[in-house]
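**Q** here's my sequence, what's the structure:
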Amino acid sequence: MRHVHLGLAIGLTAIGWGHIAFAQAPAPLPSAAPVPEQMPFNIPIGQSIDLAKAKELGAAAEAEAAKRHWKMAISIVDPSGELVYFEKMDDTQFASIQIAQAKARTAARFRRPTSAFYDAIETGHPSVAVTDPTLVGIPGGIPLIENGKLIGGIGCSGGAALQDAVICKAGADKLQ
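**A** Take a look at the predicted model:
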(Lines give C-alpha, C1' and ligand atoms only; values in the text may rest on other atoms or scores of the structure.)
Protein backbone atom coordinates (compact mmCIF):
# COMPACT_ATOMS: atom_id res chain seq x y z
CA MET A 1 0.00 0.00 0.00
CA ARG A 2 2.88 2.31 0.82
CA HIS A 3 4.28 1.85 -2.74
CA VAL A 4 0.92 2.81 -4.24
CA HIS A 5 0.86 6.07 -2.30
CA LEU A 6 4.46 6.84 -3.18
CA GLY A 7 3.82 6.08 -6.85
CA LEU A 8 0.69 8.24 -6.83
CA ALA A 9 2.60 11.12 -5.19
CA ILE A 10 5.41 10.89 -7.74
CA GLY A 11 2.93 10.74 -10.60
CA LEU A 12 0.99 13.77 -9.40
CA THR A 13 4.21 15.69 -8.84
CA ALA A 14 5.34 14.93 -12.38
CA ILE A 15 2.00 16.08 -13.76
CA GLY A 16 2.27 19.26 -11.69
CA TRP A 17 5.81 19.98 -12.88
CA GLY A 18 4.81 19.26 -16.45
CA HIS A 19 1.98 21.76 -16.15
CA ILE A 20 4.32 24.40 -14.73
CA ALA A 21 6.83 23.87 -17.52
CA PHE A 22 4.04 24.17 -20.08
CA ALA A 23 2.72 27.36 -18.48
CA GLN A 24 6.16 28.95 -18.61
CA ALA A 25 6.78 28.18 -22.28
CA PRO A 26 7.19 31.44 -24.24
CA ALA A 27 4.66 32.34 -26.88
CA PRO A 28 5.90 31.52 -30.37
CA LEU A 29 7.15 34.41 -32.46
CA PRO A 30 5.03 35.24 -35.50
CA SER A 31 6.85 33.48 -38.32
CA ALA A 32 5.03 35.24 -41.12
CA ALA A 33 5.26 38.77 -39.72
CA PRO A 34 6.14 41.21 -42.48
CA VAL A 35 9.32 43.24 -42.08
CA PRO A 36 8.48 46.96 -42.15
CA GLU A 37 10.00 48.88 -45.06
CA GLN A 38 10.29 52.10 -43.02
CA MET A 39 11.73 52.59 -39.56
CA PRO A 40 8.80 53.01 -37.12
CA PHE A 41 8.63 56.20 -35.07
CA ASN A 42 11.55 57.68 -37.00
CA ILE A 43 11.11 61.23 -35.73
CA PRO A 44 14.17 63.45 -36.13
CA ILE A 45 15.53 64.94 -32.93
CA GLY A 46 15.29 68.70 -32.72
CA GLN A 47 16.47 71.35 -30.31
CA SER A 48 15.54 70.49 -26.72
CA ILE A 49 12.46 72.09 -25.21
CA ASP A 50 13.42 75.13 -23.16
CA LEU A 51 12.18 75.92 -19.67
CA ALA A 52 9.77 78.67 -20.78
CA LYS A 53 8.00 76.37 -23.23
CA ALA A 54 8.02 73.51 -20.73
CA LYS A 55 6.33 75.78 -18.16
CA GLU A 56 3.71 76.75 -20.76
CA LEU A 57 2.91 73.11 -21.55
CA GLY A 58 2.92 72.22 -17.86
CA ALA A 59 0.49 75.05 -17.11
CA ALA A 60 -1.88 73.81 -19.85
CA ALA A 61 -1.76 70.28 -18.42
CA GLU A 62 -2.30 71.57 -14.89
CA ALA A 63 -5.25 73.73 -15.99
CA GLU A 64 -6.93 70.72 -17.61
CA ALA A 65 -6.36 68.62 -14.47
CA ALA A 66 -7.73 71.38 -12.22
CA LYS A 67 -10.79 71.80 -14.46
CA ARG A 68 -11.54 68.08 -14.04
CA HIS A 69 -10.60 68.05 -10.31
CA TRP A 70 -7.86 65.47 -10.94
CA LYS A 71 -4.66 65.52 -8.89
CA MET A 72 -1.64 65.03 -11.14
CA ALA A 73 2.13 64.97 -11.28
CA ILE A 74 3.33 66.50 -14.55
CA SER A 75 6.82 65.95 -15.93
CA ILE A 76 8.49 67.35 -19.04
CA VAL A 77 11.83 66.07 -20.29
CA ASP A 78 14.26 66.82 -23.11
CA PRO A 79 14.78 64.36 -26.03
CA SER A 80 17.25 62.29 -24.00
CA GLY A 81 14.73 61.92 -21.17
CA GLU A 82 16.37 64.32 -18.72
CA LEU A 83 14.03 66.38 -16.56
CA VAL A 84 13.34 69.98 -17.63
CA TYR A 85 10.15 70.72 -15.68
CA PHE A 86 8.15 69.00 -12.94
CA GLU A 87 5.06 69.86 -10.95
CA LYS A 88 3.04 67.88 -8.42
CA MET A 89 -0.40 69.23 -7.68
CA ASP A 90 -1.43 69.32 -4.02
CA ASP A 91 -2.49 65.96 -2.58
CA THR A 92 -1.28 63.93 -5.59
CA GLN A 93 -0.19 60.45 -4.59
CA PHE A 94 3.55 60.27 -3.99
CA ALA A 95 4.08 57.30 -6.31
CA SER A 96 3.08 59.56 -9.21
CA ILE A 97 6.27 61.61 -8.88
CA GLN A 98 8.47 58.83 -10.30
CA ILE A 99 5.78 57.45 -12.59
CA ALA A 100 5.22 60.80 -14.36
CA GLN A 101 8.96 61.22 -14.89
CA ALA A 102 9.32 57.66 -16.18
CA LYS A 103 6.41 58.10 -18.62
CA ALA A 104 7.91 61.31 -20.00
CA ARG A 105 11.35 59.67 -20.29
CA THR A 106 9.91 56.64 -22.12
CA ALA A 107 7.93 58.82 -24.56
CA ALA A 108 10.99 60.94 -25.38
CA ARG A 109 13.63 58.19 -25.60
CA PHE A 110 11.49 55.84 -27.68
CA ARG A 111 9.86 58.64 -29.72
CA ARG A 112 6.36 57.25 -29.24
CA PRO A 113 3.47 57.46 -26.78
CA THR A 114 3.72 55.09 -23.85
CA SER A 115 0.33 53.74 -24.90
CA ALA A 116 2.12 52.08 -27.87
CA PHE A 117 3.95 49.83 -25.39
CA TYR A 118 0.74 49.14 -23.51
CA ASP A 119 -0.96 48.10 -26.77
CA ALA A 120 1.96 45.82 -27.68
CA ILE A 121 1.90 44.11 -24.30
CA GLU A 122 -1.88 43.73 -24.36
CA THR A 123 -1.81 42.15 -27.83
CA GLY A 124 0.61 39.42 -26.83
CA HIS A 125 4.07 40.96 -27.12
CA PRO A 126 5.28 40.85 -23.49
CA SER A 127 8.93 41.03 -24.57
CA VAL A 128 8.45 44.80 -24.94
CA ALA A 129 8.43 45.04 -21.14
CA VAL A 130 12.04 43.81 -20.90
CA THR A 131 13.44 46.07 -23.63
CA ASP A 132 14.57 48.64 -21.07
CA PRO A 133 14.17 48.42 -17.28
CA THR A 134 13.04 52.07 -17.15
CA LEU A 135 10.37 51.67 -19.85
CA VAL A 136 6.80 52.42 -18.77
CA GLY A 137 4.15 50.63 -20.81
CA ILE A 138 0.95 52.39 -19.73
CA PRO A 139 -0.83 55.44 -21.20
CA GLY A 140 0.16 58.88 -19.93
CA GLY A 141 3.41 59.66 -21.76
CA ILE A 142 3.52 61.56 -25.06
CA PRO A 143 6.51 62.64 -27.16
CA LEU A 144 6.65 66.40 -27.75
CA ILE A 145 7.00 67.13 -31.45
CA GLU A 146 7.42 70.61 -32.86
CA ASN A 147 7.87 71.29 -36.59
CA GLY A 148 8.22 67.54 -37.17
CA LYS A 149 11.06 67.17 -34.67
CA LEU A 150 11.24 65.62 -31.23
CA ILE A 151 11.89 68.28 -28.58
CA GLY A 152 11.05 66.21 -25.48
CA GLY A 153 8.31 64.27 -23.76
CA ILE A 154 5.51 64.87 -21.29
CA GLY A 155 4.40 62.36 -18.67
CA CYS A 156 1.47 62.58 -16.28
CA SER A 157 0.42 60.41 -13.37
CA GLY A 158 -2.12 60.57 -10.59
CA GLY A 159 -5.29 59.09 -11.96
CA ALA A 160 -6.25 56.13 -14.08
CA ALA A 161 -3.92 55.70 -17.06
CA LEU A 162 -6.48 57.13 -19.48
CA GLN A 163 -6.94 60.19 -17.23
CA ASP A 164 -3.17 60.65 -17.23
CA ALA A 165 -3.19 60.50 -21.04
CA VAL A 166 -5.91 63.18 -21.27
CA ILE A 167 -3.85 65.56 -19.14
CA CYS A 168 -0.67 64.90 -21.15
CA LYS A 169 -2.53 65.54 -24.38
CA ALA A 170 -3.71 68.91 -23.05
CA GLY A 171 -0.09 69.88 -22.46
CA ALA A 172 1.22 68.45 -25.74
CA ASP A 173 -1.56 70.17 -27.71
CA LYS A 174 -0.07 73.55 -26.71
CA LEU A 175 2.63 72.88 -29.33
CA GLN A 176 0.07 72.85 -32.15
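
**Q** mind listing the helices for the chain?
**A** 2-23, 51-68, 95-110, 114-122, 161-172 (DSSP state H).

**Q** what angle sits between the strand ranked longest in the chain and helix 95-110?
**A** Ranked by residue count, the top strand of the chain under DSSP state E comes out as strand 149-157. Orientation check (axes from the mean of the first three to the mean of the last three CA atoms, to 10 degrees): strand 149-157 against helix 95-110 gives 160 degrees.

**Q** what packs against strand 149-157?
**A** Judged by 3 or more CB pairs under 8 Å, 6 or more residues apart in numbering; DSSP states H and E, strand 149-157 is in contact with helix 51-68, strand 73-77, helix 95-110, strand 141-146, helix 161-172. Heads up, the C-betas are built off the backbone N, CA and C, glycines and all.

**Q** which one of the ones you listed is the most hemmed in?
**A** strand 73-77 (a mean of 31; mean count of other CB atoms under 10 Å).

**Q** P133: which of the helices and strands packed on strand 149-157 is closest?
**A** Among these, helix 95-110 comes nearest to P133, with 10.4 Å by CB to CB.

**Q** enumerate every residue touching F110.
**A** Neighbouring residues of F110 by CB atoms under 8 Å, 6 or more residues apart in numbering: F41, A116, F117, L135.

**Q** tell me the confidence at it?
**A** pLDDT for F110: 94.

**Q** could you dump the helices and strands packed on strand 149-157 to TSV with distance to G155?
**A** Converted to TSV, the helices and strands packed on strand 149-157 look like this (distance: least, CB to CB, whole Å):
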stretch	distance to G155
helix 51-68	10
strand 73-77	5
helix 95-110	3
strand 141-146	4
helix 161-172	7
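
**Q** coming back round to it: could I get the contacts of F110 as JSON lines with distance to K71 and neighbour count?
**A** Formatted as JSON lines, the contacts of F110 follow (distance: CB to CB, whole Å; neighbours: other CB atoms under 10 Å):
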{"residue": "F41", "distance to K71": "31", "neighbour count": "12"}
{"residue": "A116", "distance to K71": "26", "neighbour count": "19"}
{"residue": "F117", "distance to K71": "24", "neighbour count": "24"}
{"residue": "L135", "distance to K71": "25", "neighbour count": "18"}
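
**Q** quick check, nearest of the residues you listed to A102?
**A** L135 (8.1 Å).

**Q** so the closest one sits against T106, correct?
**A** Yes - L135 lies in contact with T106 (CB atoms under 8 Å); the separation is 5.3 Å.

**Q** which neighbours do those two share?
**A** Here L135 and T106 share the contacting residues F117, scored by CB under 8 Å, 6+ apart.

**Q** for the closest residue in space to Q47 that isn't next to it in sequence, give me its contacts.
**A** In this structure, Q47 finds its nearest non-sequential neighbour in I151, 6.5 Å apart by CB to CB, 6 or more residues apart in numbering. I151 makes contacts with G46, Q47, S48, I49, K53, D78, P79, L144, I145, L175, as judged by CB under 8 Å, 6+ apart.

**Q** perfect, I'm done here.
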